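J.: Need coordinates for the following:
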Amino acid sequence: MFEVQPYGDRGVRVQFGESIDKNVNRQIRDFCSVLEKSRINGVLEWIPTYTAVTILYDPFEIVYESLKEKIFNVQEKMNSEDISPARIIHIPVLYGGKKGPDLNEVAEYHGITTDEVVSLHANSDYLIYMMGFIPGFPYLGGLSKQIATPRLDKPRRSIPAGSVGIAGEQTGIYPLESPGGWRIIGQTPIPLYNPQQAQPILLKAGDYIRFIPIDRQEFDDITKKVETGSFHPTIET
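T.: Prediction:
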């Protein structure tokens with residue numbers, strides 16, 4: 001599937017599929033890579049999602065029909081060899097306790113131990129399909145169905161930054177303090193969003209996340225390093 005449709009008077013929606021799928025995600029990454037290199041005059045930004053890319057443009061710089069033609073030119077240049085190697089970013093997580101207040105409930109829901117929940121959660125590399133509702137929030141694919149758990153019936157008014165949660169068959173990380181209904185099973189001490197940095201958002205769509213279980217001492221040690229600017233996350237390609 002490759003469909004181009006207007007999205008209001010300043011946007012274009014490029015549709016690649018209708019379901020969450022790694023092949024669709026790869027096409028989207030490929031398209032965005034070529035689009036970035038094309039530097040189309042009038043294109044302001046683009047937003048990749050699970051199945052599509054929304055392109056925002058200045059109609060005083062380029063008209064819809066001209067942009068649509070250039071988008072099809074981008075499609076013709078798509079080649080998976082042009083995609084930058086996916087990064088695997090290690091995210092240390094302190095599971096349970098005050099940092100993961102819903103870990104016990106998730107374990108009870110599935111009739112397993114908390115250690116088994118942690119093992120299952122940290123036993124996979126998670127593809128970031130898209131970035132979400134607040135700056136730096138990653139929507140991840142790959143959660144084991146053995147720990148997929150419904151959202152809370154009553155969302156919390158405040159969830160601390162760095163909280164790692166489960167909602168249905170998804171898992172994610174809150175980069176900022178925020179209301180939310182995800183089941184919180186742990187917390188990472190590393191910031192996903194820092195507006196003071198040249199690159200304020202640590203993660204991007206197409207990356208992978210690998211959760212690394214840590215203990216309280218490691219959590220405190222990393223927190224101190226983050227505060228002094230001496231901590232750098234482990235990143236593989």
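
J.: For the chain, just list every one of the strands.
T.: Listed in chain order, the strands of the chain (DSSP state E) span 3-6, 11-15, 43-48, 52-57, 88-95, 125-131, 138-141, 156-159, 163-167, 170-173, 178-180, 183-187, 208-213, 235-236.

J.: Only the buried residues of the second one, if you could.
T.: Neighbour-count burial for strand 11-15, counted by 16 or more other CB atoms under 10 Å, picks out Gly11, Val12, Arg13, Val14. (Glycine included, C-beta is placed from N, CA and C.)

J.: nearest to Leu176, of those residues?
T.: Gly11 (25.8 Å; CB to CB).

J.: That closest one pairs with what?
T.: With DSSP bridges as the criterion, Gly11 is bridged to Leu56.

J.: Next up, the contacts around the residue most central in space within the chain.
T.: Note on the chain: the residue nearest the mean C-alpha position is Pro138, at 2.1 Å, using CA atoms, centre = their mean. Shown in contact with Pro138 (CB atoms under 8 Å, 6 or more residues apart in numbering): Ile128, Met131, Gly132, Gly172, Ile173, Leu192, Leu203, Asp207, Ile209.

J.: Using the record's domain definitions, break this protein down for me.
T.: For the chain, automatic domain parsing gives the domain ranges 3-82, 88-236.

J.: Dump these to TSV, plus mean pLDDT.
T.: Formatted as TSV, those follow (pLDDT from 0 to 100):
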stretch	mean pLDDT
domain 3-82	92
domain 88-236	94
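
J.: most packed of these?
T.: When you average the neighbours per residue for each of the domains of the chain (mean count of other CB atoms under 10 Å), domain 88-236 leads with a mean of 17.

J.: Run through who's touching the lengthiest helix in the chain.
T.: The residue-count maximum for a helix in the chain (DSSP state H) belongs to helix 22-38. Outside helix 22-38, the residues that touch it by CB under 8 Å, 6+ apart are 14, 16-17, 43, 46, 48, 50-53, 55, 70, 73-75, 77-80, 82-84, 127, 129, 141, 205-206.

J.: what angle separates that helix from strand 11-15?
T.: Orientation check (axes from the mean of the first three to the mean of the last three CA atoms, to 10 degrees): helix 22-38 against strand 11-15 gives 140 degrees.

J.: Skipping adjacent residues, who's closest to the residue nearest to the centre of the chain in space?
T.: Ile128 (4.5 Å; CB to CB, 6 or more residues apart in numbering).

J.: can you pull the contacts of Met131?
T.: Applying CB under 8 Å, 6+ apart, the residues near Met131 are Phe137, Pro138, Tyr139, Ile201, Leu203, Lys204, Ala205.

J.: from the residues you listed, which two are the most distant?
T.: The widest separation within the contacts of Met131 (CB to CB) is 13.7 Å, between Tyr139 and Ile201.

J.: Any figure for the gap between the residue nearest to the centre of the chain and Ile190?
T.: 13 Å (CB to CB, to the nearest Å).

J.: try Glu65
T.: 46 Å.

J.: Repeat that for Gln75.
T.: In terms of CB to CB, Gln75 sits 37 Å off from Ile190.
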